[in-house]
Every structure is written in C-alpha cells, then in structure tokens.
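> here's a sequence, model it:
(chains A and B)
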2 protein chains.
Amino acid sequence: MIIVKIGGGGTINIAGIIEDLAGLDEPYVIVHGANALRDKLAQDLGQPKQVLTSVKGYTSVYSDEKLLDVMMMAYAGLRNKRIVELCQQHGINAVGLSGLDGKIVQGKRNKGIRVYQGKKLKIVRDFSGKPRTVNAALLQLLLDNGYVPVLTVPIIDEFNAAINTENDDVVRVLQQALEADTVINLIEAAGFLADQNDSASLIKNIPASELDAREQQVAGRMKRKMLAFRKLFEHGASKVIISDGRSTHPVKDALAGKGTVIE
Amino acid sequence: MIIVKIGGGGTINIAGIIEDLAGLDEPYVIVHGANALRDKLAQDLGQPKQVLTSVKGYTSVYSDEKLLDVMMMAYAGLRNKRIVELCQQHGINAVGLSGLDGKIVQGKRNKGIRVYQGKKLKIVRDFSGKPRTVNAALLQLLLDNGYVPVLTVPIIDEFNAAINTENDDVVRVLQQALEADTVINLIEAAGFLADQNDSASLIKNIPASELDAREQQVAGRMKRKMLAFRKLFEHGASKVIISDGRSTHPVKDALAGKGTVIE
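This next block holds a predicted model:
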C-alpha cells in the first residue's frame, strides 16, 4: 500500500502524477493539498489568509469559518474534483472525499494556538486541529471494490464540526490505519534541501533517526512536514520519499529513488 | 426509498431539512443544488453567469470550463461539505459525492444548444449534458453499509469530462436506478403555483397525466422541472412531492402532503 501525497503548490504537475499512477500495480490512496488555489481564491474574494506563528515556531493558517468555506471550495471542491476527473480519464475509478465524508478522518480541535502579538502572549482559537483516527472500514470498502480514494481537508472534529489540519498529518494517520509501507510526498522542490535556496543541496538519504536534527535546520512548511514525518516513523516502520512534483513523471521518479529517501 | 432534492435557492432551510431527515425511518438519498451560491461566487470572482435560452424556450447556464470550476467550488465543495457536516451533527453518516466520483452519475454531453442570437440561429456548445446512467452498485454499497449519499453536480460525460446538468435530471436517473417510490423536491415556493406570482394559486394535486399541460403554463426553471418530472413518470410509477424548502420542517411538511403532490 502506497500513500501518494500531492502538494498544493501551483507548479505541481498533477497530470503527470495521475498518468504515472495509472501504470502502478500496487494499491494506493491519494491525499492532496490546494494551498496555492486556496490563497488565490481567498485573495480574489477579498479575504486574504492570515498566518499564525506559534511560540514554538510552527506556522499555520488562521482558520475561521470563512477560511473553512474557502477551503471547502478550493480543496474539497475544485482541486479534488479536477483530480478525480483526471483519474477517470486515465482509467482510475477515483472517489474524492473530504475528512467529513463518512467521518473518514476524525480529529480533535485545537484548544488554542499560543502566539505572540507584539510582545504579548495570546491564545488564538480557530477551526483547526489534529487528525486522530481514520474510518478504515470505509477506506477498505472502497479499495476492496476497486475505487481509489482521493482525500483532502477539511476533517471532522470531536463535535462533528469541520476543521482545518495539515494534509501531512492526515497522511500520518492514514499510514497507520492502512499500514502503508511507502509514502510518496510530492512537493515543489527536488526533495529535502539542506539550504532551501540552493537546489544543489539536496540530501539524498536521511535515516529516520536524524529527522529530529533535520527538523531544526528548516523553517515554515518544511519544518511542519519534518515533524509529521518524524511522528510517522514513531508509529511504525515506513519509507518516505520526498520528491519533485514538478517533473514530467513525479511518481516514477520517486519510486526510482530520486529526491530524498527517509528510512 | 426516498430521494430528497434540496433546491439551491438562498432561502432554503437546510438545517430544518437535515433535522427532519434525522428522524426518518425509510432509506433515502440526498441530491442538492447550489445555484444561489454559484451565482454569488461567479459574481464575486468577476465572471457572472450567462444564461442561454434554447429555441424551445428552456433556459440553461452557459457552462464553459470556468463555470465548471465555479460549480465544483459551490456545489461539490462548499454546499456539499456543509450539508455533510450538518448531517454528521445530526447523526447521519453522510458521504458527499459529485457525479464524477466513482462515475456515480454518467451522462452524455450536449452536441450543442440551439439559440437565437438576435435573429440568427446559432449552435452553442459547452460542458453541459444529460445524465443517462447511475453507478447503482456504488450507491448500494454505501447504503448497505449505513452511509447516506449526498449527491450533486457536476456529472461525468462519455469522454470522462466533467459536465453541468440539471439536478432534477440527476434525480430522474437516480429514481430509476434505485426504484425510489417517492421524490421530495424542496423549492423556494409553496409548491406548483398556477400563477408564479401568487402564492395562493398553489395546485395541491396534479395527476401525472396532466404534467404536459402544466409544463406549458410555466416558464424558466419550473418549465424545466416539469419536463424532468414528466420523464420521471414515463420511466416508472412514482410519487413526486413539490414542497416548500423554506418552512421550519420542510421534509415533515412534504410527507404530510403539504405542497403539490403529483401521482
């Protein structure tokens, strides 16, 4: 079982990814983002996103009800349905689902994010949280009947409300539920770069035991990603390939070992 | 089996509908629109919808690729996921799907719509069409496992492309596939009005045999609706209730015989 995570960046070659997947023999589940789409939509609707930086240095999007609306449109609507359409055109019988559908990804709402406003410490509460469990029975039901689940945010919280979360965290709970051996994470870079401004600084292999140290090297979204990967390895052996989602054949390249392999 | 069609008007009481459905014993499937949402979104994005009127007098939305994007956002994204969320909050384990997902509603793309531009007859081709078949196996799989399908447009055409269609036509193919005995159609009016500007002109009962005549009495969306109902009766006995989606308990009212009953 492979989990293919398609990043939400604007230059990801989705058509190439789906073309590659059509030739794959192993069963797989797709998880996708849509952050570039969401940001553009929020901008176009005159409600540009606000980013929170926690006191620990992790960034996240301030997810009020309006931002959730925009997410439902960008992630579960436009991006999800266009990916499903592409899959169908390649003979993949995809079923697109948010975490709300059949409560397929259930989480717990954040109690609040500790942020500094100027020098003042403040707790900001929004509709965001962490995924905890997966409706594996529904996933398995679809897989057993020949469907490929295409998952995205939002997910559902303990009060049955829609919440935002990181798709990398969704991948983590999915990996556990499905006991997937391989996670392919397709991003807008050649892989894990020691210096994110230097594409030649690609690290080809990272032992899982070094993820903690690597996490300290980076900032922003990659920092959060490394945290998610670290937790993934904490919950069972697995192989993670961070690879270039912009190439002509992103999945083939990833499976051929291009990018960064974490084991 | 009941099919509940929730109209896409801005004043439909969706919360009341879902509350009613939570108390229903019979199995059901939800089909919903989102035209008010779509129109507002299209307007906000600076691409207001264009309406085509065919030479026969039926109106439809000009569905180019951009309009399909907006539909995916409004119907399959925001409205679908907020309905699924409401369902989950009422203990209904809903799974939201567009017609693309698992090819659940397959159709045929229109060859072109004959319209007058001034006095000139022109054929306009867009991404619209008619639903033909339903993936009843997937619907039944979900129903048998305790899930309530929540369906909406777009659907998938014979080339596996997303196309727009009328949700009332989706209801028609679903009715056949599921052999549903009752269709509840919740709209922004008390039911079928002989004079659409006079709410006191409600027709309480319409024999199915009179649908053709009634179709000639009305214009716009209701004309198209009556055509869809007529075809529904052509393909198997059924009961259609057109009822007020704006009331406190729209489904209870409909099942109590309020509105217009077609038999």
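
> contacts and neighbour counts: CA atoms only from here.
OK.

> for chain B, what is the nearest residue in the stretch 101-250 of chain A?
Residue nearest to chain B within the stretch 101-250 of chain A: residue A:101 (4.3 Å; Cα to the nearest Cα).

> do I have it right that that residue meets residue B:84?
Yes: with the criterion set as Cα atoms under 8 Å, residue A:101 and residue B:84 qualify as a contacting pair; they are 6.6 Å apart.

> so what sits against both of these two?
By the contact definition Cα atoms under 8 Å, 6 or more residues apart in numbering or on different chains, residue A:101 and residue B:84 are jointly contacted by B:94-96.

> what's the residue of the stretch 101-250 of chain A closest to chain B in contact with, if anything?
Applying Cα under 8 Å, 6+ apart, we find residue A:101 in contact with B:81, B:84, B:93-96.

> near chain A, list only the ones from those residues.
The residues of the contacts of residue A:101 that also fall near chain A, by Cα under 8 Å from any Cα of the partner chain, are B:81, B:84, B:93-96.

> would CSV of those with secondary structure be doable?
Formatted as CSV, these follow (DSSP: H, G, I helix; E, B strand; the rest coil):
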residue, secondary structure
B:81, helix
B:84, helix
B:93, coil
B:94, strand
B:95, strand
B:96, strand
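
> pick out the most distant pair among those.
The distance between the two most remote of the ones next to chain A among the contacts of residue A:101 (Cα to Cα) is 12.5 Å, for B:81 and B:93.

> what about those two, which has more around it?
For residue B:81 versus residue B:93, the count of surrounding residues by other Cα atoms under 10 Å in any protein chain shown is larger for residue B:81: 30 against 20.

> what residues does that one make contact with?
Contacts of residue B:81 were listed using Cα under 8 Å, 6+ apart, and they are A:72, A:76, A:98, A:100-101, B:96.

> hmm, back to that, what's the closest of the contacts of residue A:101 to chain A?
Each of these was checked against chain A using Cα to the nearest Cα; the closest is residue B:95, at 4.3 Å.

> what's the burial count for the closest one?
The local packing of residue B:95 (other Cα under 10 Å) involves 27 other residues.

> so in terms of bridging, what pairs with it?
The residues paired with residue B:95 through beta bridges, assigned by DSSP bridges, are residue B:149.

> quick one: it and residue B:148 touch, right?
Yes: here residue B:95 reaches residue B:148: they are 6.0 Å apart, a contact under Cα under 8 Å.

> so out of everything in chain A, what residue is nearest chain B?
With Cα to the nearest Cα as the measure, the residue in chain A that lies nearest chain B is residue A:77; the distance is 3.6 Å.

> now do the phi/psi pair for that residue.
Dihedral angles phi and psi of residue A:77 (degrees, to the nearest 10) take the values phi -90, psi -90.

> how much space between it and residue B:232?
29 Å (Cα to Cα, to the nearest Å).

> so those two - more neighbours on which side?
A direct count of neighbours by other Cα under 10 Å for residue A:77 and residue B:232 places residue A:77 higher, at 30 against 24.

> ok, the closest residue to that one other than its chain neighbours - contacts?
With Cα to Cα, 6 or more residues apart in numbering or on different chains as the criterion, residue A:77 has its nearest non-adjacent residue at 3.6 Å, and that residue is residue B:77. With contact set as Cα under 8 Å, 6+ apart, residue B:77 has these partners: A:72-78.

> hmm, try it at 10 Å
By Cα atoms under 10 Å, 6 or more residues apart in numbering or on different chains, the contact set of residue B:77 is A:69-81, A:98, B:70-71, B:96-98, B:152.

> now residue A:138
Taking Cα under 10 Å, 6+ apart, one finds A:101-104, A:144, A:149, B:142, B:145, B:147 in contact with residue A:138.

> in helices, which of these appear?
By the criterion of DSSP state H, membership of the contacts of residue A:138 in helices covers A:144, B:142.

> now, of the contacts of residue A:138, which are buried?
By neighbour count, with 16 or more other Cα atoms under 10 Å in any protein chain shown, those hold A:101-104, A:149, B:142, B:147 as buried.

> state the pair within those residues that is farthest apart.
A:149 and B:147 (15.8 Å).

> for residue A:136, give me the pLDDT.
Per-residue pLDDT puts residue A:136 at 97.

> name the helix or strand for residue A:176, please.
Secondary structure here is read from DSSP states H and E; on that basis residue A:176 sits in helix A:167-178.

> CA atoms only for that helix, dumped as PDB, please.
Once non-C-alpha atoms are left out, helix A:167-178 reads as follows in PDB (Å, rounded to 0.1, in the frame of the first residue of the first chain):
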ATOM      1  CA  ASN A 167      -2.500  17.100   5.000                       C
ATOM      2  CA  ASP A 168       0.800  15.700   6.100                       C
ATOM      3  CA  ASP A 169      -0.800  14.900   9.400                       C
ATOM      4  CA  VAL A 170      -3.700  13.200   7.500                       C
ATOM      5  CA  VAL A 171      -1.100  11.100   5.800                       C
ATOM      6  CA  ARG A 172       0.300  10.100   9.100                       C
ATOM      7  CA  VAL A 173      -3.000   8.700  10.500                       C
ATOM      8  CA  LEU A 174      -3.700   7.100   7.100                       C
ATOM      9  CA  GLN A 175      -0.300   5.400   7.100                       C
ATOM     10  CA  GLN A 176      -1.100   3.800  10.500                       C
ATOM     11  CA  ALA A 177      -4.700   2.800   9.600                       C
ATOM     12  CA  LEU A 178      -3.700   1.300   6.300                       C
END
